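J.: Quick one, what's the 3D model for this:
(chains A and B, ligands or ions: 2)
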Amino acid sequence: MNCCCQPDRNWEEIFKQDKVDLEMITGVLNKYRGEEGSLIAVLQETQAIYGYLPMLALRYIADELGIKAAKVYGAATFYTQFRLKPVGKYLILLCEGTACHVNGAERLEIALAEELKIEKGETTADGVFTFDTAACLGCCSLAPVMMINGQAYGPLTPDSARKIIRDIYAREKADQERGQAV
Amino acid sequence: MKLRLGMGSCGIAAGALDVWDGIKEELEQSGLDLQAAPTGCVGMCHHEPLLDVIEDDGSVYTYGKVNAERAKEIIRTHKAGKGPLEDYLVSSSLQPNEFLQAQFRVALRNCGRINPESIDEYIAAGGYQALYKVLKTMSGDDVIDELKISGLGGRGGAGFPTWFKWNATRNETGSQKYLVCNADEGDPGAFMDRSLLESDPHSVLEGMAIAAYVIGASTGVIYCRAEYPLAIKRLQIAIAQAEEKGYLGEDILGSGFHLTIRIKQGAGAFVCGEETALIASLEGERGMPRLKPPYPSEKGYWNRPTNINNVETFANVPWIINSGGAAFAAIGTTDSKGTKVFALAGKIKRGGLVEVPMGISLRDIIFKVGGGIKDDRQFKAVQLGGPSGGCIPERLLDTPVDYKSIKATGAIMGSGGMIVVDEATCMVDMARYFLDFTQKESCGKCVQCRIGTKRMLEVLERICEGNGQAGDVALLQDLAAEIKAAALCGLGNSAPNPVLTTIEYFAEEYRAHIEEKRCPAKQCKHLITFVIDPVKCKSCGICAKKCPVNCITGEKKQPYVIEQEKCIKCGTCLEVCPTKFAAVSVD
Ligand SMILES: Cc1cc2nc3c(=O)[nH]c(=O)nc-3n(C[C@H](O)[C@H](O)[C@H](O)COP(=O)(O)O)c2cc1C
Ligand code: FES
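T.: Ligands and ions are numbered 1, 2, ... in the order given. From the prediction side, this is the model:
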């Protein structure tokens, strides 16, 4: 059961595994309430708040905006930008566009999957990295390219891609340790 | 003396922010009072980060692959009157390099020349004069006549005459009409619209304002893909500035004409570039196309008459109004007028954004402007039009770039994606790659596209895996014919093109895969093996260390061996084996 369009039920209970504070999107809902055709913008801003689209929030958006839950879920699953699972602190988008493909993006995929020990679409157990792909990042003349939290890197080799990940991880670790020491 | 730093997405990815800090530091430390401003992209992405030095006499020196230290050195050299610094110089206004020489810039006229976040610079470069001229001296029909003379065709792919679309929407009755700018740029491997929006957003806004005036729309929407955050940011700035100066908003330039423009972000779906799907997406629905007619000019956004044009189409309009339709028509060929912007990428030496007159040959674009193939390898094919286009082989390289001639090859002009590939690219894999893309992006509304592309992909996959069967090529052609004839929208209609063109021009590669279970480009994983030559191997062990699956074993003074069952054919060993040994080969 991972669909949110059945008749009224105890959604808090059903979606307890992704319990979120629904108050956080009140502002978004108020901003777009009554504006026709704004569903995608609502979903985009909701995702910007939670980092993903929690089922409970989809259900809440449907109820609040008076849109059928099936339609909300339909839009959320149609567009690749939307994620129904939480993302890590760093979102790695490996470009799968044509320029990157002919310049060896597949080898980067192998290297990254090996370095992160996860497959594409997954998040590391410690929640630091999510590894995903994008259709094209628009930096095709720097192919092959990846983007981490909005910053593009390229042209990459499997080794330079690994190094970027290791550097971020090392910084993350150091920050954590410092945090604990305080 | 002035400084200008390329700060498009590509420049930033290449390290322009560091350079910017370096420049600031130098100016502060030396107390020099120089004007330094960001600019967009001149198109020489292969040389990014790019720094321009503009001397007081107006001459411009362009430096490439600049870092913070080099920027400081360049500034000092020029300031001391010892410029230019030849080491990093890539072009100058006195002597433009080959990349720029063959180009003719209409749509990109301001890209890399002005600060995209400054409306004043746009105005100083002649911006908003066309809008002024239209509002003060021209009727909608005058504008349509001018566009008709210019021969401007839509740059989003199909090349449909722009005047005709504007006229159709203009002639619709009804008080509410809409204008939409298509900035979805879905072709993976193309970045013309991104670069244009990041480098010169006002030219697109000005084109839109003229269009809105002609068709009678008071609301404009730009549908921009969310993957382009910088383009969106600069558009937002530009809209706010234009409103403040009275080029957008209420009673524009005292003419009584109103226009508000807003931005809607796409959410990542290739099919949303198709106009009816785009409209569905604007309305908050899943981006599913519908049958045409009715065309958007009759029933579009919220069922109102709507005109949709591509980013580049709009950017051409102010130039045409200022210079006259005849000046635009004088560029290009009899059937295809004006210029076209291409995003050159792939295995090309000088990749980037180029704007060339129609009629130039593909060979000139690739070899003159683009400088030929990376590492001087052998050219194999050029892919035009992305997932809807096709691959053009060496023997057709003299084909002129115009809508008809490109179509005759089986490819399409498309929106401007141009990916060059060399002998190391397998054309069967290329076809598989595109089908994989369209199959995933198919919205699923019509059977031909939803199931047909899936069947085609399965056949291509088995060919690449060495399980191709006699008759597979004919099967692909059959499926392609069905899909082309019956799919609901342009995505499905054109999806078979990459397969059909590779079958036509690279039949031998299909045959080798199917009959001999061999991939001539040595790319299809299932059909190749990596081996270490025991005589050449000097047991350095670097391959074993780098192998991601640890399938290479060996010890000192013994040749290393690849365990074939475990090998994932990633090619790392081949790459890391020192060239002086060259012990790894692929069969
Ligand atoms: C599958 C598909 C994807 C498309 N993607 C784009 C796109 O990304 N950008 C674009 O301007 N036009 C795209 N088009 C073409 C548009 O439907 C439309 O023809 C175009 O925006 C009209 O503008 P123009 O007349 O200025 O070219 C696409 C068409 C199809 C069938
Ligand atoms: S193809 Fe990778 S950035 Fe465009």
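
J.: and the longest helix along chain A, how far from the chain's centre?
T.: Longest helix in chain A, counting residues (DSSP state H): helix A:158-181. Taking Cα atoms, centre = their mean, to the nearest Å, the mean C-alpha location of helix A:158-181 is offset from the chain mean by 20 Å.

J.: Any part of it near ligand 2?
T.: No: judged by Cβ under 6 Å from any ligand atom, helix A:158-181 and ligand 2 are separated, with a smallest distance of 13.5 Å. Bear in mind the C-beta positions are built from the backbone N, C-alpha and C, glycine included.

J.: list the helices and strands that helix packs on?
T.: The helices and strands touching helix A:158-181, judged by 3 or more Cβ pairs under 8 Å, 6 or more residues apart in numbering or on different chains; DSSP states H and E, are strand A:90-95, helix A:105-116, strand A:129-134, strand A:146-148, strand A:151-153.

J.: Just confirm yes or no for the longest one near chain B.
T.: Read it as helix A:105-116. Yes: judged by Cβ under 8 Å from any Cβ of the partner chain, helix A:105-116 comes into contact with chain B at A:107, A:110-111, A:114.

J.: How about that helix, which residues are buried there?
T.: A:105-113, A:115-116 (16 or more other Cβ atoms under 10 Å in any protein chain shown).

J.: Stretch B:385-396 now?
T.: Buried, per 16+ other Cβ under 10 Å, within stretch B:385-396: B:385-393, B:396.

J.: how about it as CSV, C-alpha atoms only?
T.: C-alpha atoms of stretch B:385-396 as CSV (Å, rounded to 0.1, in the frame of the first residue of the first chain):
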residue,chain,number,x,y,z
GLY,B,385,18.2,16.8,-33.5
GLY,B,386,18.8,14.5,-30.5
PRO,B,387,16.3,11.8,-29.8
SER,B,388,14.1,13.0,-32.7
GLY,B,389,17.0,13.3,-35.1
GLY,B,390,19.6,11.1,-36.8
CYS,B,391,23.2,10.3,-37.4
ILE,B,392,24.9,11.7,-40.5
PRO,B,393,28.0,9.9,-41.8
GLU,B,394,31.3,11.2,-43.2
ARG,B,395,30.2,10.9,-46.9
LEU,B,396,27.4,13.4,-46.3
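
J.: does any bit of it sit next to ligand 2?
T.: No: judged by Cβ under 6 Å from any ligand atom, stretch B:385-396 makes no contact with ligand 2; its nearest approach is 10.0 Å.

J.: swap in stretch A:91-100?
T.: Yes: judged by Cβ under 6 Å from any ligand atom, stretch A:91-100 and ligand 2 are in contact via A:95, A:97-100.

J.: Of the residues of helix A:105-116 next to chain B, which is the nearest to residue B:419?
T.: Distance to residue B:419 across those (Cβ to Cβ) is lowest for residue A:107, with 18.0 Å.

J.: Could you pull out the strands in the stretch 351-500 of chain B for me?
T.: With strands called from DSSP state E, counting those that start in this stretch, the stretch 351-500 of chain B shows them at B:352-357, B:379-384, B:390-393, B:417-422.

J.: Sheet-wise, list the partners of the third one with their directions.
T.: I take that to be strand B:390-393. strand B:379-384 (antiparallel) (DSSP bridges).

J.: hmm, who's touching the partner strand?
T.: If you take Cβ atoms under 8 Å, 6 or more residues apart in numbering or on different chains as the criterion, strand B:379-384 is touched by A:98, B:189, B:346, B:362, B:366, B:372-373, B:389-394, B:397, B:406, B:411-414, B:417-423, B:425, B:427, B:430, B:498, B:505-506.

J.: same thing but 6 Å
T.: B:362, B:373, B:391-394, B:411, B:414, B:418-423 (Cβ atoms under 6 Å, 6 or more residues apart in numbering or on different chains).

J.: can I get these in TSV with pLDDT?
T.: What follows is the contacts of strand B:379-384, written out as TSV (pLDDT from 0 to 100):
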residue	pLDDT
B:362	98
B:373	97
B:391	97
B:392	98
B:393	98
B:394	97
B:411	96
B:414	94
B:418	97
B:419	97
B:420	97
B:421	97
B:422	96
B:423	94
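
J.: from these, which two are the most distant?
T.: Among the contacts of strand B:379-384, B:414 and B:423 lie farthest apart (Cβ to Cβ), at 23.9 Å.

J.: between the two, who's got more neighbours?
T.: Per other Cβ atoms under 10 Å in any protein chain shown, whichever of residue B:414 and residue B:423 has more neighbours is residue B:414, with 27 against 15.

J.: Now do the contacts for the residue nearest to that one when sequence neighbours are not counted.
T.: Among residues not flanking residue B:414 along the chain, residue B:385 sits closest, at 2.8 Å (Cβ to Cβ, 6 or more residues apart in numbering or on different chains). Listed by Cβ under 6 Å, 6+ apart, the contact set of residue B:385 reads B:411-412, B:414.

J.: for stretch A:13-24, how far is the first residue from the last?
T.: 19 Å (Cα to Cα, to the nearest Å).

J.: List the buried residues of it.
T.: Of all the residues in stretch A:13-24, those buried under the rule 16+ other Cβ under 10 Å are A:15, A:20, A:22.

J.: Looking at those residues, which are in strands?
T.: Under the assignment DSSP state E, the buried residues of stretch A:13-24 contribute nothing to strands.
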